[in-house]
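Visitor: just to be clear, the model below is a prediction. Sequence and coordinates:
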Protein chains: 2
Amino acid sequence: MPTGRTDESDPEVARGVAVLRRMFALLEAFRGSDELSLAELARRSGLPKTTAHRLVGLLVSEQILERRGNDYRLGLRLFELGELVPRKRSLREAALPFLQDLFEATHETIHLAVLDGTDVVYLERISGHRKVKAPSAVGGRFPAHATGVGKALLAFTPDAARTVLARPLLRVTPYTITAPNVLADELRRIAAAGVAFDREESTPGVSCVAAPVLVGHEAVAALSVTGPSARMQPETLAPAVRTAALGLARVLAAGRA
Amino acid sequence: MPTGRTDESDPEVARGVAVLRRMFALLEAFRGSDELSLAELARRSGLPKTTAHRLVGLLVSEQILERRGNDYRLGLRLFELGELVPRKRSLREAALPFLQDLFEATHETIHLAVLDGTDVVYLERISGHRKVKAPSAVGGRFPAHATGVGKALLAFTPDAARTVLARPLLRVTPYTITAPNVLADELRRIAAAGVAFDREESTPGVSCVAAPVLVGHEAVAALSVTGPSARMQPETLAPAVRTAALGLARVLAAGRA
């Protein structure tokens, strides 16, 4: 069974590894940019221009890249493949009605996130015309300890919490919790209360209330309501967020039974 | 400049093509299945088991696949890459408030779709607890001529309409328009009215009203409201869908100016 380790001493394997790594370097080069020229793609991916040229041609023929004049952009087929990812698809499908309920009840920004290592990855973000400056984008990731959804997940995921607590805690805003003992206390409080608050810890001026979605003993996701601190009363919204998370947990548990 | 054609007589290019094609065959094998064993992956992708084994190992090490016991599933990194696709990201971000408005006004299923060749690809689908049996999933595709959003897009995209009209029209339900002259008339009506109806043409028992999002002379996307024919009155909802589409078009045009 493949283990994730690969025998790169085998020349055929080594060639395969090289092609795939170069491809991912090219795709990642688009982070933050919609369209790139071939020269810029080669520069950002660190590939020789002839190699980049050849690989871009392959990826265009596979519809993973699209050509626009002299520039290139990521193609719809990559989005279609990404939507096949089951952790995203099945969770989002089950969660959406509950996210909609929360949005309709609060008209604030609603998030659905999962833990990936020591980061949270945002699977869904629902917002109306009133937008909030938040670090989240669908498909984006953020250090778990600095967000409401992340703390809600860490409080119920001891292995990940241990890893987070053993490393330096990145200070994202002046309010981010960066002392391990303070974070450990906070996670214990969250585990007891079933709800996590983020008071400008991820974004200045923005607060959030989050609740874990617990199926069995596993926190499979977290939901949150995020808004400007000026108008948000996280404590008031906590019962709504917990209710939505419990409803989603019930649907997911029924699906597993 | 790469053109999408590749010189496969160059042995290095041929090897790169082979690795990438095999990788995409493996990824596509997950369509319709959350988790697959190595044997099933090899069978579905048509790869020899040793080749599948080696490639799966590479993809696990790149976090594109995740191992679950003896099975494999598509990994979160593939979803993250897919969310970088600009046609999806920027359109969805601009469209979401308008989709939310339509949902709140109708409590029916709301779609955002774009044209890709002669298919529509669904970028977003918003629904509440009342779900409708529709062919759409986020990231899914469907023949354009058999859907409301597709007809709305074809009516304003003459090149794609010509291609669609020149080929046999797949009959999806008994009400799908399959006669080219009838479809051509329908597209002319839609172009004049700015709104398209789907009366059980894509799914039995399901109706829809769709409007194109026109920026300049280009139909960059379409919105729709979909619901059971028994309770949907598409004509009544047409002004709401058109209003949302016009609002989104205005935001997109302002972003380009």
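Guide: Done, it's in. Numbering: from 1, shown residues only, chains lettered A, B, ... in the order given.

Visitor: most proximal residue of chain A with respect to chain B?
Guide: The nearest approach of chain A to chain B comes at residue A:82, 1.9 Å away (Cβ to the nearest Cβ). (Glycine included, C-beta is placed from N, CA and C.)

Visitor: so that residue makes contact with residue B:82?
Guide: Yes. When contacts are counted by Cβ atoms under 8 Å, residue A:82 is listed as touching residue B:82 (1.9 Å).

Visitor: show me the contacts for the residue of chain A closest to chain B.
Guide: Residue A:82 sits next to A:88, A:139, B:78-83, B:85, B:139 when contact means Cβ atoms under 8 Å, 6 or more residues apart in numbering or on different chains.

Visitor: and if we set it to 6 Å?
Guide: For residue A:82, the contacting residues are B:78-79, B:82, by Cβ atoms under 6 Å, 6 or more residues apart in numbering or on different chains.

Visitor: same check on residue A:127?
Guide: Contacts of residue A:127 by Cβ under 6 Å, 6+ apart are residue A:109.

Visitor: quick one: name the residues of the stretch 1-150 of chain A near chain B.
Guide: Residues of the stretch 1-150 of chain A that fall close to chain B, judged by Cβ under 6 Å from any Cβ of the partner chain: A:2, A:4, A:6, A:13, A:16-17, A:19-20, A:27, A:30, A:34, A:53-54, A:56-58, A:60-61, A:73-74, A:76, A:78-86, A:88, A:97, A:100, A:116, A:121, A:128-129, A:138-139.

Visitor: ok, of these, which come out buried?
Guide: A:2, A:6, A:13, A:16-17, A:19-20, A:27, A:30, A:53-54, A:56-58, A:60-61, A:73-74, A:76, A:78-86, A:88, A:97, A:100, A:116, A:121, A:128, A:138-139 (16 or more other Cβ atoms under 10 Å in any protein chain shown).

Visitor: which ones among those lie within strands?
Guide: Taking DSSP state E, the ones among those that sit in strands are A:73-74, A:116, A:121.

Visitor: now those as JSON lines including pLDDT?
Guide: Shown next, in JSON lines, are these (pLDDT from 0 to 100):
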{"residue": "A:73", "pLDDT": "93"}
{"residue": "A:74", "pLDDT": "94"}
{"residue": "A:116", "pLDDT": "91"}
{"residue": "A:121", "pLDDT": "93"}
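
Visitor: just flag the most distant two among those residues.
Guide: For those, the maximum inter-member distance is 25.6 Å, found between A:73 and A:116 (Cβ to Cβ).

Visitor: still on that earlier bit, which of the contacts of residue A:82 sits closest to residue B:68?
Guide: Relative to residue B:68, the closest of these is residue B:78; by Cβ to Cβ it sits at 15.0 Å.

Visitor: could you pull up the residues touching the closest one?
Guide: Neighbour list for residue B:78: A:82, A:85, B:64 [criterion: Cβ under 6 Å, 6+ apart].

Visitor: could you check how many residues crowd around the closest residue to residue A:37 other than its chain neighbours?
Guide: Excluding the flanking residues, the one nearest residue A:37 by Cβ to Cβ, 6 or more residues apart in numbering or on different chains is residue A:71, at 5.4 Å. For residue A:71, the tally of surrounding residues (other Cβ atoms under 10 Å in any protein chain shown) stands at 15.

Visitor: just list whatever residues bridge to residue A:71.
Guide: Per DSSP bridges, the residues bridged to residue A:71 are residue A:37, residue A:68.

Visitor: shouldn't it be in contact with residue A:38?
Guide: No. Applying Cβ atoms under 6 Å, one finds residue A:71 not in contact with residue A:38, separated by 8.3 Å.
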